[in-house]
Every structure is written in C-alpha cells, then in structure tokens.
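1. Just need the structure, nothing else, for what follows:
(one chain, ligands or ions: 3)
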Amino acid sequence: MRHRVPAVAGTDANMQQPQPASIPWHSDSAGSVIVKSVAEQEAMRRVGRLAAEVLDMIGAHVLPGVSTEELDRLCHDYIVDVQKAVPAPLGYRGYPKSICTSVNHVVCHGIPGDRRLKQGDVVNVDVTVIKDGFHGDSSRMFAVGRIAPHVQRLVGVTYEAMWLGIRAVRPGTRLGDLGATIQRFVEGNHYSVVREYCGHGIGRGFHEDPQVLHYGTAGTGLELRPGMTFTIEPMVNAGRREVRLLPDGWTVVTRDHSLSAQWEHTILVTETGHEVLTLGAGERPPA
Ligand code: MF3
Ligand code: CO
Ligand code: CO
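-> Ligands and ions are numbered 1, 2, ... in the order given. The predicted model follows:
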C-alpha cells in the first residue's frame, strides 16, 4: 500500500501521459488518474492473474517452522522462473525482498527474514508482479496451523471489509463512499482502520493516483469511471489505529502491539460495476 500524502491540485507538470487509446481523466483533488484502454485492461487482467497464482502457490508452504525468507525465495523463483515476470517490490525504493510478510502485530511491509513462523501466528503475504509493463497487487492472510478464535474474527472482519468496499465499486461511486463503508463496518466491529497507508491506482505504475483511503465521508472524493484500476487493501487493527515505523525504515507495527490484519485485491471499474483482477482459485465474492 502506499503512504498517504496530502491531496494537491493536479497540474499539467505532474500529469502522466496516457497511452494512445486511453482517455485521461483528471481527478478533482489529487492529481491525475490514468484510465486504462481496452488493451491495457487486458494486460492488467493477465498480471492480476499472475499475482493471484503466486498467492495460490504459497499457501501450502505457510506452515509452522518455515521462515519468512523461505516464503520470499519460493515466491521470487516462481515469479521469475515459472511466470517469466518480475517481483515489483525487489529494489523498489531500496526494498530488499520480493514480497512483504507481515506477522501478527506487523501492519504492513514486513521484510522477509530468518524469523520462523509458529503455530497460532497469522501472516499477510503481499505479492506484486510486473508483466508486460503492468502491475498486479494482492495480499492475503494465512493462518499458521490452528489460530485462536479472536484472531480468526479479526481476519474475517478484515476480509469482509475489503469485499464491502469492492462491492460498492461501479461508475459513479465516489472514493469517500468506499472509505466510509469500510470504516463503518470495521468500527462497528470494535476494530480500527489504519490511516497512514491506503490503496492506490495501479497500472504501468506500482502506486498511481488516486489514493484509496479505507475511511472517509460518503459522497466526497473522486468519482469512479470505467477503465480505472486500483487496489482496495484495508489494514485493520484489533486495538488502536496508531502505527509505528521500525528503524529498518519499512516494517510498520501497531503502536499498542495489538494484532493487525490486511487483505488486498486489484480492481477494474467496468461499465456496469467491477472486475476483481486478483481472485484466488476458487475464491468467490462472499454472500
Ligand atoms: N504491495 C504493497 C502495496 O500493496 C507495496 C509494497 S512496497 C514494498 O502497495 F516495497 F514494500 F514492497
Ligand atoms: Co497495494
Ligand atoms: Co500489495
């Protein structure tokens, strides 16, 4: 997810050039949003599927005793050798690994290392793949062996929160509607929404405009248009919403050390609603 930055008015200088068949669409408050052409949408579908397939592959390896850097190696090799694609995080702003692994009270951007997972842990694995110049970004929570009911509840509420947001995606919906929907549901379940990190436009860029906040005010913000692609990736804390950045410059943890969960999908806005580009094998929108 991207770090949230204050909204600034879009200027010609910071507008990115659309591809030939794209229609540029300028947001009202936060720079420019790149609307994808039909061909670009097809490339986003392909890379979205790759990101999902990495997560489908890694699930069986998330077991007690495995280290997060073993998970990183498996994902790296699968992306590079099998998919003939590129792991977007590797070298991104100096990030040292190919995936993020965020265990228990780690909110996001956990760096894989020699830490071994143990029974009862929960880990978010966040995968971003680049293929043919386009990015696909998705993350899932994995339980390590059996987990406690309160942990399962946090993971489940966070999953539902993501899907509530996804279900609201259609032309005319505003970003504030998505944020408000997610926030109301999370806080109604007595959890909190992380504010410092958010979803993001995605395409040729890893993190494009707009910023997709997981809290907000209905009826405000950018209005969605067909051809937009962005992530929805709520980070939900069991305790307080405040976070702290560790000295490694990446790892984000909850200030109160409460558990945190996150799920992420990449979404395309269609004429009639949306397409989820990173659906897992057998994953269906929950009822
Ligand atoms: N995949 C993350 C996201 O959802 C970003 C990770 S950036 C990294 O946007 F450098 F930490 F990998
Ligand atoms: Co993301
Ligand atoms: Co991600």
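2. residues from the stretch 101-250 of the chain in reach of ligand 3?
-> With the criterion set to CB under 5 Å from the ion, the stretch 101-250 of the chain comes near ligand 3 through D126, D137, S139. The C-beta positions use only the backbone N, C-alpha and C, and glycine is treated the same way.
3. what about 6 Å?
-> Applying the criterion CB under 6 Å from the ion, the portion of the stretch 101-250 of the chain that neighbours ligand 3 consists of D126, T128, D137, S139.
4. Greatest separation within the residues you listed: which pair is it?
-> Between all members of those, the longest pairwise span (CB to CB) is found for T128 and S139 and amounts to 8.9 Å.
5. what about the residue in the chain that ligand 1 sits nearest to, how many neighbours?
-> When scored by CB to the nearest ligand atom, the chain has P89 as its residue closest to ligand 1, at 2.9 Å. For P89, the neighbour count with other CB atoms under 10 Å is 25.
6. Next, count neighbours for the closest residue to it other than its chain neighbours.
-> Using CB to CB, 6 or more residues apart in numbering and skipping residues adjacent in sequence, the residue nearest P89 is Y95, 4.9 Å away. Here the number of neighbours of Y95 (other CB under 10 Å) works out to 17.
7. Tell me the pLDDT of Y95.
-> pLDDT, Y95: 98.
8. Before we move on, what's the pLDDT of whichever residue of the stretch 151-287 of the chain sits closest to ligand 3?
-> Scanning the stretch 151-287 of the chain for the residue nearest ligand 3 gives E264, at 4.9 Å (criterion: CB to the ion). Confidence per residue is given as pLDDT, and for E264 that number is 99.
9. Just list the residues touching it, thanks.
-> In this structure, E264 makes contact with M1, D126, D137, S138, S139, R140, M162, G199, T231, I232, E233, T278, judged by CB atoms under 8 Å, 6 or more residues apart in numbering.
10. Of all pairs in these, which one is the farthest apart?
-> When CB to CB is used, the two most widely separated members of those are R140 and G199, lying 15.2 Å apart.
11. Could you check which of the two is surrounded by more residues?
-> Here R140 and G199 are compared on neighbour count by other CB under 10 Å; more neighbours surround G199, at 29 against 24.
12. before we move on, the earlier item: quick check on the residue nearest to P89: phi, psi?
-> Per-residue torsions, Y95: phi -60, psi 130 (degrees, to the nearest 10).
13. measure it to T128 for me?
-> Using CB to CB, to the nearest Å, we find Y95 at a distance of 10 Å from T128.
14. repeat for G179
-> If you go by CB to CB, the gap between G179 and T128 works out to 22 Å.
15. re the thing from before, among the residues of the stretch 101-250 of the chain next to ligand 3, which ones are in strands?
-> When those are checked against strands (DSSP state E), the matches are D126, T128, D137, S139.
16. Turn the residues you listed into TSV, including pLDDT and neighbour count.
-> Rendered in TSV, the data for those read as follows (pLDDT from 0 to 100; neighbours: other CB atoms under 10 Å):
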residue	pLDDT	neighbour count
D126	99	23
T128	99	28
D137	99	28
S139	99	26
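17. Closest to D77 out of those?
-> The closest of those, once distances to D77 are taken by CB to CB, is T128, at 16.1 Å.
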